[in-house]
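A.B. asks: Just a sequence and a predicted model for now, questions to come.
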Amino acid sequence: MNDSAHTHQQPPTLRGASGEGPGPVDVLGVGFGPSNLGLAIAAAEHNAAHTGPPLTLRFAERQNRFGWHTGMLLPRTTMQISFLKDLVTQRNVHSRYSFLSYLAAQGRLIDFVNHQTFFPTRHEFHDYLEWAARTVDADVTYATTATGVRPVDDHFEVTLAGAGAGVVRARNVVVSTGLSARLPEYVTPSARVFHNHDLLGRLAELPTPRHGRFVVLGAGQSAAETVEYLHSTYPGAEVHAVFAKYGYSPADDSPYANRIFDPSAVDDFHSSTPDFRRRLMSYHRATNYSAVDLPLIEELYAREYAERVSGERRLFMHGASRALRVDDRGDGVVVTVAHEPTGLTEDLLCDGVVCATGFHQMDLGTVLGDLAADVVAEDGGPAVTRDYRLVTRAATEGSIFLQGGTEHTHGISSSLLSNVAVRTGEIVRAIARDRDSSGGAPAVRAAAHGTEALGG
Ligand SMILES: Cc1cc2nc3c(=O)[nH]c(=O)nc-3n(C[C@H](O)[C@H](O)[C@H](O)COP(=O)(O)OP(=O)(O)OC[C@H]3O[C@@H](n4cnc5c(N)ncnc54)[C@H](O)[C@@H]3O)c2cc1C
């Protein structure tokens with residue numbers, strides 16, 4: 001690590017009680033992706049700026065080491081948000097954990113300025129996140145999965161499995177476990193049929209290709225990136241993209257639409273009626289869902305057109321179509337594709353099927369265990385207060401905070417990077433305020449919301 005720009009300054013520390021010793025830690029963070037990495041930084045900066053006992057945090061992360069969607073770290077892919085929406089800048093423009101500080105530490109600040117872009121490659125942003133994870137000195141136990149959270153007296157007991165197996169006591173829990181891959185119901189995953197989230201790992205283990213053909217399901221950014229990657233990486237193979245839309249449509253990243261990602265949009269969204277929230281989501285879906293960056297659409301179109309000119313076709317777009325069956329026969333997969341307007345079907349025998357078919361929102365049940373049955377429901381998801389506390393039927397002394405899984409209450413930035421800097425500051429402030437006030441955390445009660453139990 002080239003961190004020379006910071007050698008004069010010790011990183012603010014998070015370390016304190018372990019949660020296994022005499023007292024509970026202030027926070028057990030579940031997951032250590034960008035959201036909880038941002039939380040670690042916000043807490044470290046809070047501790048550095050305040051006198052008195054520091055907030056103590058621990059994190060449990062399922063992966064063996066820090067990694068941000070490593071299966072999709074494809075060459076040529078760029079960030080879909082500005083580097084200024086890094087882990088800190090929108091909350092603390094002076095932070096030593098900014099993307100610009102990272103660039104300076106790597107000796108690339110001037111080169112990046114000359115590059116004249118707001119959108120670094122995902123490779124570079126991953127390197128930034130890894131750098132921040134090393135620099136912040138957070139207490140992270142890797143290869144460890146949280147499997148249950150139980151309120152006991154004035155704290156929670158969090159059950160951990162894996163390398164750090166045991167029970168950690170924490171006054172608050174911050175769940176930031178991200179999205180989980182969604183496969184179509186007619187798909188049985190196999191060595192040849194998999195979700196794009198694991199793309200690089202699964203391609204590395206793909207049985208020897210025999211048919212010179214791949215099929216990619218889906219019409220979003222990841223689907224288009226997968227098509228581009230397969231087409232570039234396997235120069236002898238056909239790539240067939242299958243999707244319900246007539247063609248890829250561009251992501252709306254125009255400046256007014258982008259305001260839906262602003263920190264203030266979270267206030268507006270949370271204070272809106274459920275009906276208006278749904279309308280906002282549908283007006284602005286194209287900022288994030290089933291949408292592709294225009295230059296990538298143009299690149300794929302240019303390739304397909306060039307193949308039409310030469311007559312050497314490898315790239316095929318099956319718009320207005322859907323896969324009816326995906327049948328892995330061991331030595332290859334047969335995908336039956338129906339063209340909706342004509343009803344015609346064709347069978348594509350291929351070496352691999354990549355399902356770029358999106359994600360499910362955070363699955364609270366896998367983290368909370370039995371406690372999930374006690375979570376209050378709101379508009380198809382869990383009830384969550386403006387400061388990101390999960391609402392449970394029974395009052396608890398501390399709180400469970402959510403980063404992610406709050407699209408129905410906090411809006412479209414919930415599962416994205418856009419709001420990490422500000423959100424983590426809000427959560428740290430809420431936790432510090434609770435601790436400093438004599439009665440501990442304000443108990444969050446179902447009665448305040450009058451909604452039904454989520455039931456697991
Ligand atoms: C390919 C791809 C590209 C993207 N690009 C962008 C982009 O350019 N801009 C943008 O704003 N968003 C982007 N996103 C959206 C993405 O959700 C965010 O970038 C970001 O990952 C959210 O961070 P997170 O920490 O909330 O979740 P994640 O990054 O998913 O991290 C969650 C972590 O929790 C861990 N975990 C899960 N369950 C447990 C458990 N029970 N116990 C312990 N650990 C657990 C996981 O291993 C993971 O490391 C992209 C998503 C993908 C898939």
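C.D. replies: Noted; the coordinates are in hand.
A.B. asks: Could you tell me which residues of the chain lie near the ligand?
C.D. replies: 30-36, 60-63, 68-69, 72, 79-81, 145-146, 176-179, 197, 222, 366-367, 403-404, 415-418 (CB under 6 Å from any ligand atom). No exception for glycine: its C-beta is placed from N, CA and C like everyone else's.
A.B. asks: Now, those residues that are in strands?
C.D. replies: Residues of the residues of the chain next to the ligand located in strands (DSSP state E): Val30, Ala60, Thr145, Ala146.
A.B. asks: The second one - nearest residue in space that isn't next to it in sequence?
C.D. replies: It stands for Ala60. Thr144 (4.4 Å; CB to CB, 6 or more residues apart in numbering).
A.B. asks: tell me, how many neighbours does that neighbour end up with?
C.D. replies: By other CB atoms under 10 Å, the residues close to Thr144 number 23.
A.B. asks: That one: what's it in contact with?
C.D. replies: Residues in contact with Thr144 (CB atoms under 8 Å, 6 or more residues apart in numbering) are Ala60, Glu61, Arg62, Leu160, Ala161, Gly162, Ala163, Gly164, Ala165.
A.B. asks: distance of Gly218 from Glu185?
C.D. replies: Gly218 sits 15 Å away from Glu185, going by CB to CB, to the nearest Å.
A.B. asks: More neighbours: those two, which one.
C.D. replies: Applying other CB under 10 Å to Gly218 and Glu185 shows that Gly218 carries more neighbours, namely 24 against 6.
A.B. asks: Just give the number of residues close to the residue of the stretch 151-300 of the chain found nearest the ligand.
C.D. replies: Residue nearest to the ligand within the stretch 151-300 of the chain: Gly178 (2.0 Å; CB to the nearest ligand atom). By other CB under 10 Å, the residues close to Gly178 number 19.
A.B. asks: Give me the most central residue, this protein.
C.D. replies: Note on the chain: the residue nearest the mean C-alpha position is Gly178, at 4.6 Å, using CA atoms, centre = their mean.
A.B. asks: Let me know the pLDDT of the nearest residue to that one once chain neighbours are set aside.
C.D. replies: Nearest-residue entry for Gly178: Gly33, 5.4 Å, with adjacent residues in sequence omitted and distances by CB to CB, 6+ apart. For Gly33, the pLDDT comes out at 98.
A.B. asks: what's the burial count for Arg386?
C.D. replies: Neighbour number of Arg386 under other CB under 10 Å is 14.
A.B. asks: got it, and Asn114?
C.D. replies: Neighbour tally, Asn114, other CB under 10 Å: 8.
A.B. asks: count of neighbours near the residue nearest to Met317 when sequence neighbours are not counted?
C.D. replies: In space, and not counting its chain neighbours, Met317 is closest to Ala241: 5.2 Å by CB to CB, 6+ apart. The local packing of Ala241 (other CB under 10 Å) involves 28 other residues.
A.B. asks: same question, Leu203
C.D. replies: Neighbour tally, Leu203, other CB under 10 Å: 19.
A.B. asks: Surely it is in a strand?
C.D. replies: No - counting by DSSP: H, G, I helix; E, B strand; the rest coil, Leu203 falls outside a strand, being helix.
A.B. asks: Distance check, the nearest residue to it once chain neighbours are set aside against Leu199.
C.D. replies: Closest residue to Leu203 apart from its sequence neighbours, by CB to CB, 6+ apart: Gly352 at 7.4 Å. Gly352 sits 10 Å away from Leu199, going by CB to CB.
A.B. asks: Over to Ala43?
C.D. replies: Taken as CB to CB, the span from Ala43 to Leu199 is 34 Å.
A.B. asks: Neighbour count: those two, which is higher?
C.D. replies: The neighbour comparison of Ala43 against Leu199 (other CB under 10 Å) goes to Ala43, with 29 against 25.
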